[in-house]
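Participant: kindly generate the corresponding structure for this input.
(one chain, ligands or ions: 1)
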Amino acid sequence: MTAELLDLTEVVDRAAHELEGAGAMDVLRWAGGVFGSRLAIASSMQDGVLTHLAGRVVPDADVLFLDTGYHFVETLVMRDAVAASHPGRVLSITPVQSVAEQDAAYGPRLYERDPDLCCRLRKRAPLDEALRPYDAWVTGLRHAESPDRSDVPVVSYDAARGKVRIAPLARWRDVDVADYLQRHDVLVNPLVSAGYPSIGCAPCTRAVRPGEHARAGRWAGLSKTGCGIH
Ligand code: SF4
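Facilitator: Here you go, the predicted structure:
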């Protein structure tokens with residue numbers, strides 16, 4: 001049965017049983033088998049673990065990178081390096097408005113005055129649009145990243161978009177990531193070793209301090225903890 005004919009909520013319900021205790025590669029293998037070319041991989045280009053795994057298991061799945069116009073140069077270099085070695089397509093998804101056009105419409109530094117709107121314009125809306133051709137998307141969310149990600153399911157129904165969301169790394173601990181990076185000589189954004197264990201747009205990301213969780217440097221000082229894409 002093709003993915004078009006599947007009831008996606010049924011797929012999610014079945015996956016909970018079929019994938020119980022499955023490793024990341026098995027989860028991706030399952031996703032490739034169910035969704036074929038209607039599967040996309042979202043990457044923040046923090047490290048290359050997810051894209052490396054995808055390249056081994058679902059090499060034809062498109063990789064999507066949200067190019068907000070506010071990224072650190074290291075992240076863009078990382079994106080280009082991943083694109084050069086990845087077997088499939090790496091697509092940079094851009095907002096409708098450039099940063100200059102957004103500044104003209106909303107005033108400069110919208111991220112300071114209304115970061116939720118800025119994220120909606122530069123991340124949420126572009127991803128919504130980019131995901132239209134797909135039935136399922138893969139994210140690198142992990143339980144260990146922050147308290148608000150501690151119960152992220154491996155497979156869930158993304159009701160807002162009518163897609164299946166897959167988080168094959170959900171149960172990976174930091175040590176699992178480090179082990180995979182070392183064993184497979186995988187690319188890592190150099191900012192990670194400079195104190196940025198979670199990397200987003202430059203204006204909204206700072207290095208973490210000792211004892212802080214990995215995402216403490218994102219929108220630091222604000223109650224905001226996510227960009228609204230998940
Ligand atoms: Fe705008 Fe900051 Fe959100 Fe990036 S993370 S889209 S700069 S508010």
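
Participant: please enumerate the strands of the chain.
Facilitator: 39-42, 62-66, 90-93, 136-138, 155-158, 163-166 (DSSP state E).

Participant: would you turn those strands into a markdown table with mean neighbour count?
Facilitator: For every residue, glycine as well, the C-beta is placed using N, CA and C. Supplementary listing: the strands of the chain in a markdown table, determined by neighbours: other CB atoms under 10 Å:
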| stretch | mean neighbour count |
| --- | --- |
| strand 39-42 | 25 |
| strand 62-66 | 23 |
| strand 90-93 | 16 |
| strand 136-138 | 27 |
| strand 155-158 | 19 |
| strand 163-166 | 25 |
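
Participant: I'd like those as CSV, with mean pLDDT and distance to Leu53 appended.
Facilitator: Rendered in CSV, the data for the strands of the chain read as follows (pLDDT from 0 to 100; distance: least, CB to CB, whole Å):
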stretch, mean pLDDT, distance to Leu53
strand 39-42, 98, 9
strand 62-66, 98, 11
strand 90-93, 98, 15
strand 136-138, 98, 9
strand 155-158, 96, 16
strand 163-166, 97, 12
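
Participant: how about those strands in CSV, adding distance to the ligand?
Facilitator: Converted to CSV, these look like this (distance: least, CB to the nearest ligand atom, whole Å):
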stretch, distance to the ligand
strand 39-42, 15
strand 62-66, 8
strand 90-93, 12
strand 136-138, 19
strand 155-158, 20
strand 163-166, 20
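
Participant: wait, which of those is closest to His17?
Facilitator: Of all the strands of the chain, it is strand 155-158 that lies closest to His17, at 10.5 Å by CB to CB.

Participant: which residues does the closest one contact?
Facilitator: Strand 155-158 is contacted from outside by 8-9, 12, 15-16, 19, 27, 137, 163-167, using CB atoms under 8 Å, 6 or more residues apart in numbering.

Participant: let's see it at 7 Å
Facilitator: By CB atoms under 7 Å, 6 or more residues apart in numbering, the residues outside strand 155-158 that reach it are Leu8, Thr9, Val12, Ala15, Ala16, Leu19, Val164, Arg165, Ile166.

Participant: what about Pro108, neighbour count?
Facilitator: Look at Pro108: counted by other CB atoms under 10 Å, it has 12 neighbours.

Participant: same question for the one 3 residues further on.
Facilitator: With neighbours defined by other CB under 10 Å, the count for Tyr111 comes to 20.

Participant: what separation do you get for the closest residue to it other than its chain neighbours and the ligand?
Facilitator: Closest residue to Tyr111 apart from its sequence neighbours, by CB to CB, 6 or more residues apart in numbering: Cys118 at 4.4 Å. The spacing between Cys118 and the ligand, counted by CB to the nearest ligand atom, to the nearest Å, is 3 Å.

Participant: for Gly21, same thing?
Facilitator: Gly21 is 35 Å from the ligand, where distance means CB to the nearest ligand atom.

Participant: done for today, thanks.
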